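# 3D model of this:
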Amino acid sequence: MMMIDLHLHSSCSDGILAPAQLVSAAQLSGLSTIALCDHDTVAGVEAATLAGKEQGIEVIPGVELSVCFRGFSDVHLLGYWIDIYAPELTEQLDRFAFRRANRNREIVMAVNQALQQQAKEPLAFNEVEALADGVMGRPHIARALLQRGYVTGMEDAFSRYLVPCDVPKTYWPMEEALATIQRVGGVAVLAHPTSITRDQQLLTELISELKELGLDGIEIYNSLATDQEIMFLQGLANRLQLMPTGGSDFHGIEEHDQIGKGRGGIRFSDALLPPLRKRAAERSIQAN
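Below is the predicted model of the structure:
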């Protein structure tokens, strides 16, 4: 049995490792297969795939879309085996990147206002931008604050500056996001479901509705769910005939981040892959 990790982030979104470095780290962790699922970008997939071929690791092309659904914002939807060159995907991602760039400038301006009130030197936008290797986000602003010594850690940066200075984000409508992933040959999986709500009755209703809309699977084994919640998600996946996946959601920012491991050191077996591969093959045929 080989170990895998189907939810990793690189510096092309808000991780700290470049795509090739991420692949090297996965190899050192003894993984056979990984999925690069950066937030709302596929910019790092080519480099990761090339590094994977050189180092003998399979890299599944993926993405993590920021989605809204039934009043819930920032729901995360994973797309596996997507065609990263499909125009309908790349054009939409480009539009979101443009909107995100404007949002980031507004957040930096708001943070700088707070810093000036505290008689602290403001951040330069290019200073923050230099920390990103693709899609800039709030974690990069947090890292800039940390480098300046204004905060003690990422959590401190968010609680003191980034949450109070936040600007509303743009989200994909769930129906559109699901349909796009499917049309570009991908498999759609709901990431860390309990981040939406820990109300199990409500979560059952939401995931049941998503199944009807075309959801393929749920990330049962993740870094947020407790043992009891994992058991609940396993039962729900069985009842709804949704495929289980697992991933660390590694960014490399927090101390507990570990490639190939979730909460409590749980690991992810390659036994999860065959049903996902079969669905991806079916989607690829449909897309072509």
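
# how about the secondary structure of residue 41?
Each residue gets one of three states, and residue 41 gets coil by DSSP: H, G, I helix; E, B strand; the rest coil.

# that one - how many residues pack around it?
Using other CB atoms under 10 Å, residue 41 has 21 neighbouring residues. The way it works is simple: take the backbone N, C-alpha and C, and place the C-beta from them, glycine included.

# quick one: it from residue 1, how far?
For residue 41, the distance to residue 1 equals 32 Å [CB to CB, to the nearest Å].

# same check on residue 154?
Residue 154 sits at a distance of 34 Å from residue 1 (criterion: CB to CB).

# repeat for residue 236
Taken as CB to CB, the span from residue 236 to residue 1 is 25 Å.

# just want to know which of the two has more residues nearby.
For residue 236 versus residue 1, neighbours defined as other CB under 10 Å are more numerous around residue 236 (20 against 8).

# that one: which element?
Remark: residue 236 resides in helix 227-240, with elements defined by DSSP states H and E.

# at the geometric centre of the chain, which residue sits there?
residue 64 (4.2 Å; CA atoms, centre = their mean).

# is it bridged to anything, and to what?
Assessed by DSSP bridges, residue 64 has beta-bridge partners residue 39, residue 78.

# state the pLDDT value of it.
Predicted confidence (pLDDT) for residue 64: 97.

# isn't it right up against residue 78?
Yes. Between residue 64 and residue 78 there is a contact under CB atoms under 8 Å: 5.5 Å.

# quickly list what's touching both of the two.
Residues touching both residue 64 and residue 78 comprise 7, 37, 191, with contact defined as CB atoms under 8 Å, 6 or more residues apart in numbering.

# let me know the closest of those residues to residue 144.
Taking CB to CB as the measure, residue 144 lies nearest residue 37 of the shared contacts of residue 64 and residue 78, at 24.4 Å.

# burial count for that closest one?
For residue 37, the count of nearby residues is 30 (other CB under 10 Å).

# got the contact list for it?
So residue 37 contacts 6-9, 62-64, 78-80, 191, 247 (CB under 8 Å, 6+ apart).

# tell me the buried residues in the helix holding residue 236?
For helix 227-240, the neighbour count (16 or more other CB atoms under 10 Å) marks 229-230, 232-233, 236-237, 240 as buried.

# okay, those in CSV with pLDDT and distance to residue 271 next?
Shown next, in CSV, are the buried residues of helix 227-240 (pLDDT from 0 to 100; distance: CB to CB, whole Å):
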residue, pLDDT, distance to residue 271
229, 96, 21
230, 95, 16
232, 98, 20
233, 97, 17
236, 98, 19
237, 98, 14
240, 98, 20
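
# for residue 211, state which of those is nearest.
Distance to residue 211, by CB to CB, is smallest for residue 240 among the buried residues of helix 227-240, at 4.9 Å.

# surely that closest one touches residue 212?
No. Using CB under 8 Å, residue 240 is not in contact with residue 212, being 9.6 Å away.

# point out where the stretch 51-200 of the chain drops to low pLDDT.
133-135 (pLDDT under 70).

# would you list every one of the helices in it?
87-117, 125-129, 138-148, 154-157, 174-183, 200-213 (DSSP state H, counting those that start in this stretch).

# in a strand, residue 34, correct?
Yes. According to three-state DSSP, residue 34 belongs to a strand.

# count the neighbours of it for me.
Each residue near residue 34 was counted by other CB under 10 Å, and the total is 30.

# and it, bridged to which residues?
Beta-bridge partners of residue 34, as defined by DSSP bridges: residue 5, residue 59.

# re earlier: ok, residues contacting the next helix or strand after the helix holding residue 236?
Going down the chain from helix 227-240, the next helix or strand is strand 243-246, by DSSP H and E. Contacts with strand 243-246, where a contact means CB under 8 Å, 6+ apart, come from 4-7, 78, 187, 189, 216-222, 233-234, 237, 262, 266, 268-269, 272, 275-276, 279.
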